[in-house]
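S.K.: Quick check, what structure comes out for this input:
(chains A, B, C and D)
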Number of protein chains: 2
Amino acid sequence: MDGDTVSLSIGQVAERTGLSVHALRFYEQEGVFVEPVRRGPGGRRVYSQDDVDWLTVCIILRASGMPLPALRRYADLVREGAGNEEERLAVLREHQERVTGQIGRLTQCLDLIGFKVGVYEDLLDEAQRAVEQDRPRPSGGGPAPASTPGTSA
Amino acid sequence: MDGDTVSLSIGQVAERTGLSVHALRFYEQEGVFVEPVRRGPGGRRVYSQDDVDWLTVCIILRASGMPLPALRRYADLVREGAGNEEERLAVLREHQERVTGQIGRLTQCLDLIGFKVGVYEDLLDEAQRAVEQDRPRPSGGGPAPASTPGTSA
DNA sequence: CTAGGAGCTTGAGTCGGCTCTAGGTCAAGC
DNA sequence: GCTTGACCTAGAGCCGACTCAAGCTCCTAG
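M.R.: Numbers count the residues shown, from 1 in each chain, chains lettered A, B, ... in the order given. You can find the predicted model right below:
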């Protein structure tokens, strides 16, 4: 790999990961990196391609809701080296389940939202049709909207 | 409906919605309710079945990541009464897209996680097979795990 | 030689969404 | 009369994950 041949400043890493320089320093402090971040002249951080690759994974895990402590734990295990693959797997599996569950819950919510969107679309469609036919909407006898917040709002 | 016939204390509502009494008071303060919560003797809150139904919707919207301000806006529109259905629809559609996007992103993340889980499973499978055959694992020549954090860790 | 820009550290501030505390009212039961 | 328990208000505190500010060191260009 070319992990050794590239060396990036914090600004460059921020640019290509989308993380802020603040977040990068924060992550370092939180022990998210596998290797301690190297330092160049003047104490400046020097990142390798491997660091960026690792960050890419981290970003994905974070984006899917893995809490920082779990991420740190995972980094700890990787840092320890070979021999703890079961534990790494456990961390990943736990997160996998979290995400699967979350997707399931969101999908359920989406059903309800879709249903309500449909209700309002129908409502507006009808109103629109009434207008187009130059037939004033019945204002007293029709189905009264918003009378039962739980189902119609 | 039986919205008028039931009247519940804050504790009962907490019990049947799963929200805490704190959260209920907080939501009220944040303007999440459509009707101002009625008060009984001694200034105690009295909730109707409609309130509980509305809360059920709120819980689903919150669970799918709708921010409180959006929820309040939606409640505001419903409170205003008929005539603003387009706006309600807009709020719902916006949220619908948020959720769809979120599910998409989570699904992508899940792909990567599944991939990594698979890698570790294979790794451990192999190790297990080696042990069962009473054949000591090669410790120097095999594929070295964790050498490229981005893909193997 | 000085101004700008990127980086450094430490520590404080922010935001969303609750959660908890303090101090008080009220009704029921012993 | 006293305790208990559910409720009230106002306001403080907490958690996670950043984000920002102050005050410093460098290096480079004009």
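S.K.: ok, A:Arg34 to A:Leu24 distance?
M.R.: In this structure residue A:34 is Val, not Arg. Taking CB to CB, to the nearest Å as the measure, A:Val34 falls 14 Å from A:Leu24. All C-beta spots, glycine's among them, are computed from the backbone N, C-alpha and C.
S.K.: neighbour count winner among these two?
M.R.: A:Leu24 (22 against 19; other CB atoms under 10 Å in any protein chain shown).
S.K.: So what does whatever residue of chain A ends up closest to DNA strand D have for phi and psi?
M.R.: Taking CB to the nearest atom of the strand, DNA strand D has its nearest neighbour within chain A at A:Leu68, 3.4 Å off. When quoted as degrees, to the nearest 10, the phi and psi of A:Leu68 stand at phi -50, psi -40.
S.K.: gap between the helix or strand A:Leu112 falls within and the chain center?
M.R.: Using DSSP states H and E, A:Leu112 sits in helix A:85-132. Distance of helix A:85-132 from the chain centroid (CA atoms, centre = their mean, to the nearest Å) equals 15 Å.
S.K.: now stretch A:73-86
M.R.: That offset, for stretch A:73-86, works out to 24 Å (CA atoms, centre = their mean).
S.K.: Check which helices and strands the helix holding A:Leu112 sits against.
M.R.: Counting contacts by 3 or more CB pairs under 8 Å, 6 or more residues apart in numbering or on different chains; DSSP states H and E, helix A:85-132 is packed against helix A:68-80, helix B:49-63, helix B:85-132.
S.K.: in the first one, what's buried?
M.R.: Translated: helix A:68-80. Buried residues in helix A:68-80, counted by 16 or more other CB atoms under 10 Å in any protein chain shown: A:70-71, A:73-78.
S.K.: burial measure for A:Asp125, as a count.
M.R.: So A:Asp125, with other CB under 10 Å, has 10 neighbours.
S.K.: so who does it touch?
M.R.: Not one residue lies near A:Asp125 by CB atoms under 8 Å, 6 or more residues apart in numbering or on different chains.
S.K.: and it, what pLDDT?
M.R.: Listed pLDDT for A:Asp125 reads 89.
S.K.: That one and DNA strand C: what is the separation?
M.R.: Separation of A:Asp125 from DNA strand C (CB to the nearest atom of the strand, to the nearest Å) stands at 32 Å.
S.K.: now A:Leu89
M.R.: 31 Å.
S.K.: likewise A:Gly104?
M.R.: According to CB to the nearest atom of the strand, A:Gly104 stands 20 Å off from DNA strand C.
S.K.: And the helix or strand hosting A:Tyr27, how far out from the chain middle?
M.R.: Assessed by DSSP H and E, A:Tyr27 sits inside helix A:21-29. Relative to the centre of its chain, helix A:21-29 is centred 18 Å away, using CA atoms, centre = their mean.
S.K.: Only the buried residues of that helix, if you could.
M.R.: Buried residues in helix A:21-29, counted by 16+ other CB under 10 Å: A:23-24, A:27.
S.K.: That helix vs helix A:49-63, what angle?
M.R.: 100 degrees (axes from the mean of the first three to the mean of the last three CA atoms, to 10 degrees).
S.K.: Quickly check: helix A:21-29 near chain B or not.
M.R.: No - on the criterion CB under 8 Å from any CB of the partner chain, helix A:21-29 is out of touch with chain B, staying 13.9 Å away.
S.K.: what is the mean pLDDT for that helix?
M.R.: pLDDT averaged over helix A:21-29 gives 97.
S.K.: and if you look at stretch A:66-76?
M.R.: 97.
S.K.: Thank you kindly, that will do.
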